[in-house]
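In: no FASTA, just this:
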């Protein structure tokens, strides 16, 4: 049914009215409130069930201070603190390759701030790359719902530029040029192994050679 | 100085007298009270410092129930429980190979009880092996101070035999025949990458081919 408005125009607020409704993209794929971590874990479960890859998020390290061992029931942690992880959050194996990455979200729409990474994570990735591992940053621009894998050696270059006084972020346009987009789909939600295949192919061509 | 005993024999209790003294082996290398986990973590630190391998123990997974966030200080975990890990405890990369293993100790002197492994750990190792990973059990006979790496495919064979009604343990003599001994030394305490090299060489010859 078409509503005929007195002045013959469609109401202009229709844009605003629709703005808070989920787009088909959002409602089907990227559920609002689902963190990048949840999305990656879901995808990893899917890949594991298909015997495509064995990749897990590592548990958060905890410093235990007080643990009670009640009789006939499970041990209860009564006091503990979060510790800073020494490595990245995710690792595993895919087609014989050691896979290692960290996942980071930003609400920024134009660039990814490098302060999202910690120096020890970058150092860890350098060690893994030098052993022949496939390492990357899994970056999500939450407001844009855009997800990219950025190969570690590219990250290292921007990181080193920052250390030497350069900019403290990577422009989205640079990530689009040097990274690999992961497009949301139904299952797995984030089919990122396709992007990993591209990183492996580039690595085997010597593209990411690090001195 | 030789003591001449009245009946011309050496005292039989000398064996007992020496039994509780540390052998040079024990006092220098395998410090009493140091767990296999500590020994492996120490060795991994050494290997990392030499850029030989990047292998870490995963943190124990925790189910958080109550966390306090006091102002101006670190978050305090007030109630939490230990969760059963889905995977093995250690993984990482060495010479381009994905490495995955679990470490188990037994006080037994003749055999290693298979109940030390959980079904999900064996399943996890099967997935990793099928992706081309180097997986093994890191087994220590604490009373004998003997340490072996047992390739996962050998473990699977004994595991499957147990499932089919066979024996619930692996004899030490079988581990000695089918595994690779790791001999204590000063630094790294457990130079297990030498045994990993042997597993890699055997794997590349097709010895551990799993259907």
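Out: All right, it came through fine. A quick note: this is a predicted structure, and the numbers were derived from the prediction, not measured.

In: Quick one: residues contacting the residue found closest to residue A:97 once you drop the neighbours it is linked to in the chain.
Out: Among residues not flanking residue A:97 along the chain, residue A:134 sits closest, at 4.9 Å (C-beta to C-beta, 6 or more residues apart in numbering or on different chains). Bear in mind the C-beta positions are built from the backbone N, C-alpha and C, glycine included. By C-beta atoms under 8 Å, 6 or more residues apart in numbering or on different chains, residue A:134 lies in contact with A:94, A:97-100, A:196, A:199-200, A:203.

In: Likewise for residue A:144?
Out: Residue A:144 neighbours (C-beta under 8 Å, 6+ apart): A:109, A:172.

In: element containing it, please.
Out: Under DSSP states H and E, no helix or strand contains residue A:144.

In: Tell me how far it lies from residue A:65.
Out: Look at residue A:144 and residue A:65: by C-beta to C-beta, to the nearest Å, they are 42 Å apart.

In: Hmm, which of the contacts of residue A:134 is lowest in pLDDT?
Out: Lowest pLDDT of the contacts of residue A:134: residue A:203, 92.

In: Wait, a strand at that one?
Out: No: secondary structure of residue A:203 (DSSP: H, G, I helix; E, B strand; the rest coil): helix, not part of a strand.

In: who does the residue nearest to residue A:97 bridge with?
Out: residue A:99 (DSSP bridges).

In: Please determine how far it is located from residue A:119.
Out: 21 Å.

In: do residue A:97 as well
Out: Counting by C-beta to C-beta - residue A:97 and residue A:119 are separated by 25 Å.

In: More neighbours: these two, which one.
Out: residue A:97 (23 against 9; other C-beta atoms under 10 Å in any protein chain shown).

In: Make sure the more buried one is actually in contact with residue A:200.
Out: Yes: counting by C-beta atoms under 8 Å, residue A:200 is a contact partner of residue A:97 at 6.2 Å.

In: show me where chain A has helices.
Out: A:14-19, A:24-28, A:36-49, A:119-130, A:152-163, A:172-178, A:193-204 (DSSP state H).

In: Give me the contacts around the longest one.
Out: Yep, that's helix A:36-49 we're talking about. Outside helix A:36-49, the residues within contact range by C-beta under 8 Å, 6+ apart are A:30, A:53-57, A:89-90, A:92, A:103-105, A:138, A:140, A:142, A:147, A:187-193, B:127.

In: next one: stretch A:174-193
Out: Outside stretch A:174-193, the residues touching it (C-beta under 8 Å, 6+ apart) are A:25, A:28-30, A:39-40, A:42-43, A:46-47, A:52-53, A:94, A:112, A:138-139, A:145-151, A:154, A:158, A:194-195, A:198-199.

In: and what of stretch A:104-119?
Out: Applying C-beta under 8 Å, 6+ apart, the contact partners of stretch A:104-119 are A:35-36, A:84, A:102, A:137-144, A:155, A:158-159, A:162, A:168-172, A:175.

In: Only whichever of those residues are buried, select them in PyMOL.
Out: Of these, the buried ones go into a single PyMOL selection, burial set by 16 or more other C-beta atoms under 10 Å in any protein chain shown:
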select buried, chain A and resi 36+102+137+138+139+140+141+155+158+159+162+169+170+172+175
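
In: give me the low-pLDDT residue ranges for chain A?
Out: A:1-33, A:209-211 (pLDDT under 70).

In: residues from it in reach of chain B?
Out: With the criterion set to C-beta under 8 Å from any C-beta of the partner chain, chain A comes near chain B through A:48, A:51, A:53-54, A:56, A:58-62, A:74-82, A:85-87, A:91-98, A:100, A:124, A:127-128, A:130-133.

In: Out of these, which sit inside strands?
Out: A:54, A:56, A:62, A:76-82, A:91-94, A:97-98, A:100 (DSSP state E).

In: PyMOL command for the buried members of the residues you listed?
Out: Restricted to buried positions by 16+ other C-beta under 10 Å, the PyMOL selection for those reads:
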select buried, chain A and resi 54+56+62+77+80+82+91+92+93+94+97+98+100
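
In: Now do residue A:93 against residue A:55, distance only.
Out: In terms of C-beta to C-beta, residue A:93 sits 7 Å off from residue A:55.

In: shared neighbours, those two?
Out: residue A:99.

In: what's around residue A:69, how many residues?
Out: Neighbours around residue A:69, by other C-beta under 10 Å: 8.

In: does it really touch residue A:78, like I thought?
Out: No: Residue A:69 is beyond contact range of residue A:78, at 10.6 Å (criterion: C-beta under 8 Å).

In: count of neighbours near residue A:52?
Out: Neighbours of residue A:52 (other C-beta under 10 Å): 15.

In: my guess is it meets residue A:94, correct?
Out: Yes: between residue A:52 and residue A:94 there is a contact under C-beta under 8 Å: 7.4 Å.

In: Could you report the distance from residue A:34 to residue A:150?
Out: Taken as C-beta to C-beta, the span from residue A:34 to residue A:150 is 22 Å.

In: Of the two, give the one with the bigger neighbour count.
Out: When residue A:34 and residue A:150 are compared on other C-beta under 10 Å, the one with more neighbours turns out to be residue A:150, at 23 against 12.

In: count of residues packed around the closest residue to the more buried one other than its chain neighbours?
Out: Excluding the flanking residues, the one nearest residue A:150 by C-beta to C-beta, 6+ apart is residue A:179, at 4.1 Å. Neighbourhood size, residue A:179 [other C-beta under 10 Å]: 25.

In: what do you get for residue A:153?
Out: 20.

In: Go ahead and confirm it touches residue A:208.
Out: Yes: contact criterion C-beta under 8 Å: residue A:153 and residue A:208 qualify, at 4.0 Å.

In: Mutual contacts of these two, please.
Out: The contact lists of residue A:153 and residue A:208 share residue A:129, where a contact means C-beta under 8 Å, 6+ apart.

In: just to revisit the earlier point, just the buried subset of the contacts of stretch A:174-193, please.
Out: Neighbour counting by 16+ other C-beta under 10 Å classes A:29-30, A:39-40, A:43, A:46-47, A:53, A:94, A:112, A:138-139, A:146-151, A:154, A:158, A:195, A:199 among these as buried.

In: what sits against the closest residue in space to residue A:124 that isn't next to it in sequence?
Out: Counting by C-beta to C-beta, 6+ apart, residue A:124 lies nearest to residue A:87, which is 4.7 Å off, once chain neighbours are set aside. With contact taken as C-beta under 8 Å, 6+ apart, residue A:87 is in contact with A:58, A:100, A:120-121, A:124, B:56.

In: Phi, psi for residue A:87 please.
Out: Residue A:87 adopts backbone torsions of phi -130, psi -170, taken as degrees, to the nearest 10.
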